[in-house]
Every structure is written in structure tokens, then in C-alpha cells.
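*Asks:* got a structure for you, letters missing:
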């Protein structure tokens, strides 16, 4: 493409990409985060324990995390539109068929395999694509798009809980899966790989950015043994080991404390409220203060949130813990794609983020199952929340170490 000056568009298409990514993340994660609403009805009807209901979700998390490496690379090669379209069909089929199960092996297949394949097209392709469209405002742009995750977390579980009370968990889950898949197909039509595809420049500028900002960047093979890449894997591995515990067990935990189903679902929604605030604030903060210093604060928030969960004895403290956790979780996932784009370049950012996600997030699949096992063994979630807090403290310390290592002579400074 010619590097001559291009006339500025009336409305920069990057904002359309943000809106489309927001929609895909709202729908896919709204569906995912509603799973806790279905747990008690599923367990009651089918005679399953908490660990039994957590296992298919664990397989699901493991599956879509591992497949994110594949869908990230496919996004770089084929573009996000084709990848997300394929995933929407698989996601709707997997969750929809999960509404028909009568045995554990069936939901392990429908949710743990089929829906997992579909879900792998959501986070990495959407955030990596948005990161390509912006340079100066990359953190805030990704924060806007990824806040769809938190809005889905806030709205969908509460609506699902009301629908379950009226129509049952099977009808609600099947209807939600079909609606989500159809709307994801619509949103996928507006996803474009990068501004250069439309003869535009990042941020909607009329002139090309600096050579460094426009650099093609490194492949996964080139960065996989570098210190920043390995430390990012260790940092996110620690925090993600615990990150799905509240999403799977918080609603059941609230019901154990005597709350009704709608009030219990409001705890999941409170995570969404915190997530919106955390994503937007951390996106702005990372653009101004740096990505790693922002991560240190994020992990401190998550550690405090898990301790608050462990101490909760009623709805108000559960809400406070949920909002605090949402701020930390939302900020942590928001910072990753911009950080990788700054460190490793734009051209292969989906592949790099997908590789980190696959390696670091796939072990997170055991977190909800371990929490369920702890509950079945002790009758309490307290130990699970306390261990989750400890993991985030260690992640925070590693982020501090990485900051210090990046300040050594000869090392590049992080944006």
C-alpha cells in the first residue's frame, strides 16, 4: 500500500470495529457468565454434586483457552470476520445442545468440546483486532471493546435468573444460546483485520504513524523464549488459576448464605459492574502510567477481593467483593493485548496473545473444579478464596520483578 497521505474518513472505521467487538464479547461472555445461574437447577434435576457441575465448565475453559492459540493465528491469516462467523455457529450449537443433556458425558461433550471451540473466537480475535486499529489510544480502545464482556456479565445473568424462575433452566439456556449465536453472526460482518485493509492509518490519522508504531512485529516463534514473554505467561497463569472461581461458584455461595436465586445472580452482575469500571479505568491508566504498573495495582485489587469473598456473610459484602474482583479481573485482561502489541508489534499480535492465553489460561480450568471439591470436602468456600488471594499476591510480585528487569540497561522500556 502506498505510504502517501490518505484523506481522513468522516467516521473512523476503528470505532465500528470497537462496536462489533463489544457486541461479540457481550454476547459470548454474557452466555458464559450465566452458567452459575443454571448450576443449582441442573444439580437438583440431575442429581449432580457441585464438583460434577463444575467439571464441564472446567473442560470448556481449558478447551477454549488452548484453542485460542489456533484462532489467534487464524485471525492473523484469514481475518477476524471468517473466524468469528465460524465460532458463532459452534458456540450456539454447543450451549444449545447443553440444554438437552441428561448425563454428565453429554455436557462434557457439548459444553467442554463444542462450545469451547466456539468460545475460542471471542476474546483473542476481538481484542487483538482492536489493538491493530489504534496506537496512541490502544489501551482505551481495547478497554471500550472488552467492556462488552463486563456488560454481558452485568446484564445477562440477572435476566437469565429471572427466565429460569419462569421457564426453567433448559428453556432459558437453549433460547439464550440461539439468540447469542444469531447476533454474533451479525456483528462478525463488521470486523475488519486492520486499518491498512481499508487504506486507513491507525487512530484515524491522515498521515502514517512512526515507523516503530507501524512495524510489522515479531512472530510467536521469535518471542517465545524471550524473558518478557515467559514472565507474562507466569504472571497470567497465577492470576487466571483463580479467576473463574467466582463466576462458577459465587451464585451458589450466595444461595448457601440464604439468598434467593435472583439476589444470588446479582452477585455475578456486580462483578460485571466492577468489570466495566475496571476496564475503562485501567485502559486509561495503562496509556498514561504504563501497562505493568497498572497490572501491579490490578493484582492487589484481586487479592483483596478474594479475601472479602472469604469473609462475606451477607449480600452487601458479597457485592463489595464482587465489584472489587470485577475491577481487577476486567483490568487484567484489558491490559494484555495492548501490552503485547507494544512489546512485540502489531502484525502478529493475535498469534502472540493467543499463545499466552493458551498457555496461561488453560490451567485455569482446574480452578472451579478445585473450589467445588473444597466445598464438597469442607462445606465451605473459604479456603478456595484464600488460596485465590495468595495466587494474586504472587502475580503482583512477579509484575514488580518484570518492571525492574525492564529498567535494566539495554532493555526496552514498556509503553
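*Replies:* Noted; the coordinates are in hand. Predicted model, so just to flag it, every value in this text is computed and none were measured. Numbering: from 1, shown residues only.
*Asks:* going forward, measure contacts between C-alpha atoms and count neighbours the same way
*Replies:* Fine.
*Asks:* any idea how far stretch 149-163 is from the chain center?
*Replies:* 16 Å (Cα atoms, centre = their mean, to the nearest Å).
*Asks:* Likewise for stretch 373-384?
*Replies:* Worked out by Cα atoms, centre = their mean, stretch 373-384 lies 25 Å from the chain centre.
*Asks:* you'd agree residue 228 is up against residue 404?
*Replies:* No: the criterion here is Cα atoms under 8 Å, and residue 228 misses it with residue 404 at 11.6 Å.
*Asks:* Any idea how many residues pack against residue 310?
*Replies:* Neighbourhood size, residue 310 [other Cα atoms under 10 Å]: 21.
*Asks:* wait, residue 221
*Replies:* Neighbour tally, residue 221, other Cα under 10 Å: 9.
*Asks:* where does it land on pLDDT?
*Replies:* If you check residue 221, the pLDDT there is 77.
*Asks:* same thing with residue 8?
*Replies:* pLDDT at residue 8 comes out at 49.
*Asks:* now swap in the one 4 residues further on and tell me
*Replies:* We have a pLDDT of 90 for residue 12.
*Asks:* would you list every one of the strands in the stretch 251-400 of the chain?
*Replies:* Counting by DSSP state E, counting those that start in this stretch, the stretch 251-400 of the chain has no strands to list.
*Asks:* Over to the stretch 51-200 of the chain?
*Replies:* So, for the stretch 51-200 of the chain - with DSSP E, counting those that start in this stretch - there are no strands.
*Asks:* More neighbours: which of residue 228 and residue 404?
*Replies:* Shown here are residue 228 and residue 404; by other Cα under 10 Å, residue 228 has more neighbours (18 against 10).
*Asks:* Span of stretch 205-220 from start to end?
*Replies:* In stretch 205-220, first residue to last residue: 29 Å (Cα to Cα, to the nearest Å).
*Asks:* To clarify, my last question referred to stretch 73-86.
*Replies:* Using Cα to Cα, the two ends of stretch 73-86 sit 15 Å apart.
*Asks:* what comes into contact with it?
*Replies:* With contact meaning Cα atoms under 8 Å, 6 or more residues apart in numbering, stretch 73-86 is reached by 71, 118, 121-122, 125-126, 129, 184-185, 188-193, 347-351, 354.
*Asks:* Which positions within that stretch qualify as buried?
*Replies:* Going by neighbour count (16 or more other Cα atoms under 10 Å), the buried part of stretch 73-86 is 73, 74, 75, 76, 79, 80, 81, 82, 83, 84, 85.
*Asks:* pLDDT added to the residues you listed, as JSON lines?
*Replies:* Below are these laid out as JSON lines (pLDDT from 0 to 100):
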{"residue": "73", "pLDDT": "88"}
{"residue": "74", "pLDDT": "91"}
{"residue": "75", "pLDDT": "90"}
{"residue": "76", "pLDDT": "85"}
{"residue": "79", "pLDDT": "91"}
{"residue": "80", "pLDDT": "94"}
{"residue": "81", "pLDDT": "95"}
{"residue": "82", "pLDDT": "94"}
{"residue": "83", "pLDDT": "95"}
{"residue": "84", "pLDDT": "96"}
{"residue": "85", "pLDDT": "96"}
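*Asks:* and these, which of them are in helices?
*Replies:* In helices, judged by DSSP state H, the following of the buried residues of stretch 73-86 are found: 73, 74, 75, 76, 80, 81, 82, 83, 84, 85.
*Asks:* Look up how far residue 334 lies from the fifth one.
*Replies:* In this structure, residue 80 and residue 334 are separated by 18 Å, where distance is defined by Cα to Cα.
*Asks:* got it, and the fourth one?
*Replies:* Residue 76 sits at a distance of 20 Å from residue 334 (criterion: Cα to Cα).
*Asks:* With residue 261 instead?
*Replies:* Counting by Cα to Cα - residue 261 and residue 334 are separated by 30 Å.
*Asks:* Repeat that for residue 73.
*Replies:* Counting by Cα to Cα - residue 73 and residue 334 are separated by 20 Å.
*Asks:* low-scoring stretches of the protein, by residue?
*Replies:* For the chain, the stretches with pLDDT under 70 are 1-9, 50, 207-218, 346-347, 406-415.
*Asks:* contacting residues for residue 397?
*Replies:* residue 296.
*Asks:* Kindly indicate which of the ones in helices among the buried residues of stretch 73-86 lies nearest residue 221.
*Replies:* Within those, the smallest distance to residue 221 is 11.9 Å, found for residue 73 (Cα to Cα).
*Asks:* Tell me how many other residues crowd residue 255.
*Replies:* With other Cα under 10 Å as criterion, residue 255 counts 17.
*Asks:* Tell me which residues touch it, please.
*Replies:* With Cα under 8 Å, 6+ apart, residue 255 has these contacts: 261, 264.
*Asks:* Return the distance of it relative to residue 160.
*Replies:* 16 Å.
*Asks:* Can you add distance to residue 311 and give the buried residues of stretch 73-86 back as TSV?
*Replies:* Below are the buried residues of stretch 73-86 laid out as TSV (distance: Cα to Cα, whole Å):
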residue	distance to residue 311
73	43
74	44
75	43
76	45
79	46
80	43
81	45
82	46
83	43
84	41
85	43
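*Asks:* from these, which is closest to residue 381?
*Replies:* Nearest member of the buried residues of stretch 73-86 to residue 381, counting by Cα to Cα, is residue 84, at 36.2 Å.
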